[in-house]
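1. Following is a predicted model, sequence given first.
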Amino acid sequence: MNWKVKALLQKTLSFTKLGDALNHIPATLNKNYHYNVAIYQTYECIRKFSYCSIDLSKNKTALDFGTGYSLISSIVLSLLGFQKIITVDITKDISFSTLKKQVHYLDHPEALKLIVSKSIYTKKEILEKINTIKKATRLEAVFNLGNIEYIAPYTFKTLYKYSKKIDYIASQVVLEHVPREILEQLFKFKKEVLQKDQFCVHTINFIDHFTNPGFFQDSSISEFNFLKYSNKYWKFWAGNSIAYTNRLSYLYYLELCKKENLKVLDFIGENYKEKIKLEVTQIHSDILRNYNPKINIEDIMKYQRGTLIISK
Ligand SMILES: C[S@@+](CC[C@H](N)C(=O)[O-])C[C@H]1O[C@@H](n2cnc3c(N)ncnc32)[C@H](O)[C@@H]1O
């Protein structure tokens, strides 16, 4: 389906109060949705954590940046042994009934094995914790059990209040939704708060989200189709709270680390879906302005997804 159909629907929904929630409904209709979310979030949370050497026996705090609809990452961080988890978003999107359905799968052998492999707790202790969470009757009870603080909407002023305590910052497919000015604030924040042996791990999706799988997927366009358009044109179609993506590639994030003097321990670039080539000449000059003129323009489209591991 032409991407503009979805773009128009999202734009219309963004004017309504429940727009984001309504936009999310089609995904939840898949009968395996809650299982898939629980396993995916657990896997990704532990994969990111495994790139860092953090001694969890020493009272550590994690910041999960961009909570989204599921609290599973924060719960998994607590099951690993983080003593406190702060999770922030620009909107409050967690629903307790959805969370209940996902928590149900945390003791599924696939998820449990992953948690046990990296946790400071024994399998028995982890199972006891999961069972207690399963019995919770309110979202606040889950927050208390995991010592999770959910701040939505958050401000950087609030984040700075916790700055001395944060040992680990993680985000999952969030940074591509964050405008440049906020990314700059976030990386500045990291530079100011990160100490030796503290880490940030961000998994970022660099592609045009209108090519994502689903009913409205546009499979006729390149996964980098959005690079063809001017900022003004893109703002018209996707400059709303539901569809917004910043169209920045991994090169931008590496440059930002350099600017803030943050050490990139690794960048793991991935290509996970079929490539449909977009010619370099089709990339709009507004996009090129985000980069140092010396870059190889082809590199903007080198990776579809990547994980950035940062320290000081
Ligand atoms: C694709 S969702 C990912 C959510 C979650 N991390 C996950 O893996 O399911 C992107 C999230 O980023 C959040 N977000 C957008 N801009 C943000 C910002 N400036 N700061 C923090 N979160 C933001 C959105 O509200 C949304 O919850």
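-> Happy to help now that I have it.
2. give me every residue that touches the closest residue to E44 other than its chain neighbours.
-> Among residues not flanking E44 along the chain, Q172 sits closest, at 5.4 Å (C-beta to C-beta, 6 or more residues apart in numbering). C-beta: built from backbone N, CA, C; applies to glycine. Q172 sits next to Q41, E44, C45, K48, G66, G68, S73, T203 when contact means C-beta atoms under 8 Å, 6 or more residues apart in numbering.
3. Look up how far F206 lies from Q172.
-> Remark: distance between Q172 and F206 (C-beta to C-beta, to the nearest Å) = 14 Å.
4. L80 too?
-> Applying C-beta to C-beta, the value for L80 to F206 is 28 Å.
5. I204 contacts H177, correct?
-> No - taking contacts as C-beta atoms under 8 Å, I204 lies outside contact range of H177: 9.7 Å.
6. Comparing those two, which residue is more hemmed in?
-> More crowded of I204 and H177, by other C-beta atoms under 10 Å: I204, with 24 against 20.
7. wouldn't N292 be in contact with E255 here?
-> Yes - between N292 and E255 there is a contact at 6.7 Å, judged by C-beta under 8 Å.
8. got the residue ranges for the strands in the stretch 101-250 of the chain?
-> 148-151, 166-172, 199-205 (DSSP state E, counting those that start in this stretch).
9. Just the pLDDT at S241, thanks.
-> With respect to pLDDT, S241 has a value of 89.
10. Spatially, what comes nearest to it if we skip its sequence neighbours?
-> S14 (5.1 Å).
11. give me every residue that touches that neighbour.
-> Neighbours of S14 in contact, by C-beta under 8 Å, 6+ apart: D20, N240, S241, I242, A243.
12. again, only using 6 Å
-> With contact taken as C-beta atoms under 6 Å, 6 or more residues apart in numbering, S14 is in contact with N240, S241, I242.
13. Could you export those residues as TSV, including neighbour count?
-> Output for the contacts of S14, formatted as TSV (neighbours: other C-beta atoms under 10 Å):
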residue	neighbour count
N240	18
S241	16
I242	19
